[in-house]
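Enquirer: Generate coordinates for the sequence data below:
(one chain, ligands or ions: 2)
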Amino acid sequence: MEQAQQIRIIKGLMTHLDRGTNVDAGGQVRNPVSGYTCPDRASREWDVFFQDHPQILGLSADLPAPGTFLTSSDLGKPILCTRDNNGEFRAFLNVCRHRGTQVETRPRGEKRLFSCPFHAWSYSNTGQLVAVPKEDHFGPVDKSCHGLVALPAEEKYGLLWVNPNAAGDIDVDACLGGLAPELAAWQIGTFNATGQTRYDHAMNWKLAVDTFGETYHFNVLHKDTLASDLYGNVQMYDTYGRNHRMMLCLRNIDALREEPEEEWHILRATIPVYFIFPNIQLIFGRGGPTLVRIYPEGTDPHRSHSEISFYMSPEIDLIEMDEERRAKYRDIQDRMEGFASVIEQEDYVAAASSHVGILSGAQEYLTFGRNEPALHHYHNTYRAALGLPPLERISN
Ligand code: FES
Ligand SMILES: [Fe+2]
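Expert: Ligands and ions are numbered 1, 2, ... in the order given. Reported below is the predicted structural model:
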């Protein structure tokens, strides 16, 4: 991030703290609860956002070397991603062209030849069918047209993009809506993957997304956890087309007040949280980024899950460090994983409770406040993408 931008954001947060103000969306909006429970709406979201729209399935570090792979079933169809022998990122339907069995079942690993577990038709990591056992018995197979079905795939700014629609396309810069230079500056491609976890939740996927959309709740829901490191109900917020950047405010920001501005670093004062349409939260901590991917369970409006992946700077080589530094960076890593467990045990518990409340019929709409601009933006973005009018704005 450019230094001028860092200073603008840090000063903005300091000003909010000094004046007792926060970012202001200029009014409240009402979000109809039907948007979280309506089967038709869920079905349209699945089709438009998750079946025919570029998806970030990981960061470059998830395919760390030629010959590595990862699989995903988050989009309702089996997908195999590879880094081929030349280092190129590729994606395929993980479907054997013989009788449809998934050629790879492990979530990730290293493999250059994918041999189907049913009859051992075998595919290279560029998707070519290279072997059909007992072809003299089976009969001839035209290998040139029975390779794995390729999906549009692009690796850019350290992000792995796949379009689950084989006939679709990917325009990464258009998807990022102006965020590209800033994401490029984070050098996302340089981090190492350190672990993954998955949370299943009994709620609409957008309720999980909403938990990332405000800091109004920090001093209440997170009073015994995150609130010791973060100021609640204060943030800086900017939108980039369908995406946004929300800056959480670390209490450590106060230490910067005595230091010259040119020495300020954004990660000492804030936790940047990027939302990338439709389902990504990319959170930067001092040790490295955390990627959160939130998915509905197909067209079911009542169930969803999150895939959370952790990454660490390659400069943080725990083996090479003395014990004191190793403990410090372990602590940073533990903090990011602790942050994720707070999401599971606090945010997602409250959000699943919202889903129960919504189903009760107690009210027709949820209210998003002036201090929650990300919630306005998420939902108006989703609505616009589905051809729906913006949320009702109430004057106040
Ligand atoms: S289904 Fe894959 S080899 Fe038969
Ligand atoms: Fe939270």
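Enquirer: List the residues that contact residue 247.
Expert: 9, 13, 235-237, 266, 270-273 (CB atoms under 8 Å, 6 or more residues apart in numbering). Just so you know, the C-beta spots here come from the backbone N, C-alpha and C atoms, and that holds for glycine as well.
Enquirer: Residue 370 now?
Expert: So residue 370 contacts 24-28, 396 (CB under 8 Å, 6+ apart).
Enquirer: Next: residue 383.
Expert: By CB under 8 Å, 6+ apart, the contact set of residue 383 is 35, 389-391.
Enquirer: Return the set of buried residues in the helix or strand hosting it.
Expert: For residue 383, the enclosing helix or strand under DSSP states H and E is helix 373-385. Under the neighbour-count criterion of 16 or more other CB atoms under 10 Å, helix 373-385 has 373-383, 385 buried.
Enquirer: do the same with stretch 111-119
Expert: Buried residues in stretch 111-119, defined by neighbour count with 16+ other CB under 10 Å: 114-116.
Enquirer: Turn those into CSV, including distance to ligand 1.
Expert: Formatted as CSV, those follow (distance: CB to the nearest ligand atom, whole Å):
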residue, distance to ligand 1
114, 10
115, 8
116, 3
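Enquirer: Next one: the residue lying closest to residue 141 once chain neighbours are set aside from residue 271, what distance?
Expert: Excluding the flanking residues, the one nearest residue 141 by CB to CB, 6 or more residues apart in numbering is residue 132, at 4.9 Å. Residue 132 sits 52 Å away from residue 271, going by CB to CB, to the nearest Å.
Enquirer: In contact with residue 248, which residues are there?
Expert: Taking CB under 8 Å, 6+ apart, one finds 215, 230, 235, 270-273 in contact with residue 248.
Enquirer: how much space between it and residue 177?
Expert: For residue 248, the distance to residue 177 - CB to CB - is 21 Å.
Enquirer: can you check residue 352 too?
Expert: 30 Å.
Enquirer: now swap in residue 210 and tell me
Expert: Residue 210 sits 20 Å away from residue 177, going by CB to CB.
Enquirer: more crowded one of these two?
Expert: residue 210 (23 against 15; other CB atoms under 10 Å).
Enquirer: Can you pull the phi/psi pair for the more buried one?
Expert: Dihedral pair for residue 210: phi -60, psi -30, per degrees, to the nearest 10.
Enquirer: where does the nearest residue to it once chain neighbours are set aside land on pLDDT?
Expert: Distances taken as CB to CB, 6+ apart place residue 375 nearest to residue 210, at 5.9 Å, with adjacent residues excluded. Per-residue confidence at residue 375 stands at 98 (pLDDT).
Enquirer: same check, this time on residue 114
Expert: 98.
Enquirer: just to revisit the earlier point, want to try CSV for the contacts of residue 248, with neighbour count and distance to residue 189 as columns?
Expert: Shown next, in CSV, are the contacts of residue 248 (neighbours: other CB atoms under 10 Å; distance: CB to CB, whole Å):
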residue, neighbour count, distance to residue 189
215, 27, 29
230, 22, 28
235, 27, 28
270, 24, 22
271, 21, 21
272, 21, 17
273, 22, 20
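Enquirer: and which of those is nearest residue 49?
Expert: Checking the contacts of residue 248 against residue 49 by CB to CB gives residue 273 as the nearest, at 19.7 Å.
Enquirer: So in that sheet, which strands flank the helix or strand harbouring the closest one, and in what orientation?
Expert: Counting by DSSP H and E, the element that carries residue 273 is strand 270-276. Strand 270-276 has the following sheet partners, assigned by DSSP bridges: strand 243-250 (antiparallel), strand 280-284 (antiparallel).
Enquirer: quick one: buried residues of the longest one?
Expert: This points to strand 243-250. Those would be 243-250, for strand 243-250 by 16+ other CB under 10 Å.
Enquirer: my read: residue 128 touches residue 150, true?
Expert: No - counting by CB atoms under 8 Å, residue 128 stays clear of residue 150, with 10.3 Å between them.
Enquirer: Can you pull the residues of the stretch 51-200 of the chain lying near ligand 1?
Expert: Taking CB under 6 Å from any ligand atom, the part of the stretch 51-200 of the chain that reaches ligand 1 is made up of 96, 98-99, 101, 116, 118-121.
Enquirer: What mean pLDDT does the longest strand seen in the chain get?
Expert: In the chain, with assignment by DSSP state E, the single longest strand is strand 300-312. When pLDDT is averaged along strand 300-312, the result is 97.
Enquirer: can you check stretch 98-106 too?
Expert: The model assigns stretch 98-106 a mean pLDDT of 98.
Enquirer: The residue of the stretch 251-396 of the chain found nearest ligand 1: what's its closest spatial neighbour, skipping adjacent residues?
Expert: Residue nearest to ligand 1 within the stretch 251-396 of the chain: residue 298 (24.0 Å; CB to the nearest ligand atom). In this structure, residue 298 finds its nearest non-sequential neighbour in residue 76, 5.1 Å apart by CB to CB, 6+ apart.
Enquirer: Hmm, residue 51 and that neighbour touching each other?
Expert: Yes - in this structure, residue 76 is within contact of residue 51 by CB under 8 Å, at 7.3 Å.
Enquirer: Overlap of the contact sets of those two?
Expert: Joint contacts of residue 76 and residue 51 (CB under 8 Å, 6+ apart) are residue 164.
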